[in-house]
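Enquirer: Sequence and predicted model, in that order:
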Amino acid sequence: MLRKISTAATVLITAAVVTTTSLVTAPLAGASTPPNDKNDQGLTPGSPSSSTIVTVDKATLHRQYQLDALADRITGKSGTEAEHTGGYAGAVVKAKDGELALYWKGAVPQSVKDAQKDAAAQGLKVSVTQSSYSAKELEDARRRLEGAVKGKDATTEPVAAWNSIAVLSNGTGLYISYNSPTSQTLANPSPSEVPAQRVTTVSAQEFATRAQALAGVPVQAAEGPEGTDTYSRHDDSSAFWAGAELNTPGHQFCTSGFAGSHGGSDVVLTASHCGTSGTFTTGTGNIEGWAQSSDLGFDTTFITLNGSAGNQFYDGAWNDPNGYHKHVASWGLNHDGDYVCTSGAMSGVKCNIQVRYAGVDSNIGGITRHNVVQAMRTNTGDHAAAQGDSGGPVVTSPDGTYGNDMQARGLISGSWGQYVVCPTWGVGIAMETTCYEGVQFIGMSAIVNTLGFTLYT
């Protein structure tokens, strides 16, 4: 699935002051343009070549791996990107600068000080900035706000029109995208209808003021389109791999996700919006498997295989006749600033995609998806994902070589931002799909730690 959004004004409401800032990038599927604080943290997209094989340099990715490891030491890997405790507020990985920017509320624990020493020994830096709120306080505020407007009509309760709520990694508050009467036309060539009860006519300032009253923390708000679900790689066979064409029980085009074990069976993942029951087939009509179970909140379906599960994913172009593939060696958490690659059956592999928000709640069609990671292309001539990529794998290169061993980061769930022209060389059916500048995906931490999936490596 994939979605869209628009350029709008972001309004930051605090107890004493109202500040309006112009957004500088286009919004996303299920959320809207990232606020300026992200760019202030060094996440402004670059403009490298649009070639799909151009990737972030080895040294940068190696530093990313080191910085991610430091961040994981501080937060642990037993939870998700949306579950935190203590004074931790957030982290931004600035791999090009060799810095992990930590945000913390209150006294900094010894574990952080130890990480700072270890970072210095590696020629890296862990900076710590005091924040107004911890991540847990903001996550609790998000749940409080969502609960307050659940089931309500946006014509009388404007905040019920929200379509994405992110916890800002600098601990300053929440960022919310919402549906307006025109938002669906801003980044969608064929805008879908959003029910009137999920659309509001209020301004961003009015929305933010009301949302702050409900959440009890500062809120940034911007209107933006709600995401809409969309539905060789062409003929996978046992042992089944990630990144292959998957035809759903509803005759939609989706992509297979990582393979592993769940409920005592060999399974592959896909997005639950691709199907929650029935038979899934390959691109040539052979039976791949049957839906075992699904979780709509994490947009994940487990498919019991008609065969065995492999520890590989399809890499390279969507039409590669040689079935080029790589090994899934591990899984990891996502942090703001990380670079990842997507590998959908419609688009093939796409890299140089940078994480902007992790642990987001996205409201798509009235269903809230949790632990969503939102990421934006940095190759301005290309796209991050297309309709048909849903359910596919998101990976990164731990050692920066883009060699055989890659790390699983998530499951493609939807688009983020404006639609872009699909390159004729870059997708399977350029005239019959829609391409997007950004992508949103479900972080592997929720699929492994919450849903009980064992990744085959």
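Expert: Noted; the coordinates are in hand. Numbers count the residues shown, from 1 in each chain.
Enquirer: rest of the way, CA atoms for contacts and neighbours
Expert: Fine.
Enquirer: Residue 177 should be in a strand, yeah?
Expert: Yes - assessed with DSSP: H, G, I helix; E, B strand; the rest coil, residue 177 lies in a strand.
Enquirer: Just to check, residue 422 is in contact with residue 432?
Expert: No - here residue 422 does not reach residue 432: they are 9.8 Å apart, not a contact under Cα atoms under 8 Å.
Enquirer: who's more crowded, these two?
Expert: residue 422 (23 against 9; other Cα atoms under 10 Å).
Enquirer: Quick check on that one: phi, psi?
Expert: Main-chain dihedrals, residue 422, degrees, to the nearest 10: phi -70, psi 130.
Enquirer: residues contacting it?
Expert: By Cα atoms under 8 Å, 6 or more residues apart in numbering, the residues touching residue 422 are 382-383, 430, 434-435.
Enquirer: ok, of those residues, which come out buried?
Expert: 382-383, 430, 434-435 (16 or more other Cα atoms under 10 Å).
Enquirer: In strands, which of the contacts of residue 422 appear?
Expert: residue 435 (DSSP state E).
Enquirer: Any chance of the contacts of residue 422 in a markdown table with pLDDT and distance to residue 340 as columns?
Expert: Below are the contacts of residue 422 laid out as a markdown table (pLDDT from 0 to 100; distance: Cα to Cα, whole Å):
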| residue | pLDDT | distance to residue 340 |
| --- | --- | --- |
| 382 | 85 | 15 |
| 383 | 88 | 13 |
| 430 | 48 | 23 |
| 434 | 83 | 21 |
| 435 | 86 | 17 |
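Enquirer: Spatially central residue for the protein, please.
Expert: residue 373 (2.4 Å; Cα atoms, centre = their mean).
Enquirer: What sits closest to that one if chain neighbours are left out?
Expert: Closest residue in space to residue 373, ignoring its immediate chain neighbours: residue 358 at 4.3 Å, by Cα to Cα, 6 or more residues apart in numbering.
Enquirer: who are the neighbours in contact with the residue nearest to the centre of the chain?
Expert: 334, 355-360, 440-443.
Enquirer: do that again at 6 Å, thanks
Expert: Neighbouring residues of residue 373 by Cα atoms under 6 Å, 6 or more residues apart in numbering: 357-359, 440-441.
Enquirer: Just the element for it, please.
Expert: Counting by DSSP states H and E, the element that carries residue 373 is strand 367-377.
Enquirer: Now do the buried residues in that strand.
Expert: Of all the residues in strand 367-377, those buried under the rule 16+ other Cα under 10 Å are 368-377.
Enquirer: Give the rounded mean pLDDT of the helix or strand following it.
Expert: Reading on from strand 367-377 to the C-terminus, the next helix or strand found by DSSP H and E is strand 385-386. Strand 385-386 shows a mean pLDDT of 88.
Enquirer: so where's the stretch 151-300 of the chain shaky on pLDDT?
Expert: Per-residue confidence for the stretch 151-300 of the chain (pLDDT under 70) gives these ranges: 185-192, 227-236.
Enquirer: All the strands of it, residue numbers only.
Expert: Along the stretch 151-300 of the chain, counting by DSSP state E, counting those that start in this stretch, strands occupy 162-167, 174-178, 219-223, 240-242, 245-247, 253-255, 259-262, 265-270, 279-281, 287-295, 300-305.
Enquirer: Keeping just the C-alphas, turn stretch 272-281 into PDB.
Expert: This file holds the C-alpha atoms of stretch 272-281, laid out as PDB (Å, rounded to 0.1, in the frame of the first residue of the first chain):
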ATOM      1  CA  SER A 272      -2.500  -7.400   6.000                       C
ATOM      2  CA  HIS A 273      -4.200  -4.900   3.700                       C
ATOM      3  CA  CYS A 274      -3.100  -7.300   0.900                       C
ATOM      4  CA  GLY A 275      -5.300 -10.000   2.400                       C
ATOM      5  CA  THR A 276      -6.100 -11.700   5.700                       C
ATOM      6  CA  SER A 277      -7.600 -15.000   4.500                       C
ATOM      7  CA  GLY A 278      -7.500 -17.300   1.500                       C
ATOM      8  CA  THR A 279      -4.800 -18.500  -0.900                       C
ATOM      9  CA  PHE A 280      -1.800 -16.500  -2.200                       C
ATOM     10  CA  THR A 281      -0.100 -17.300  -5.500                       C
END
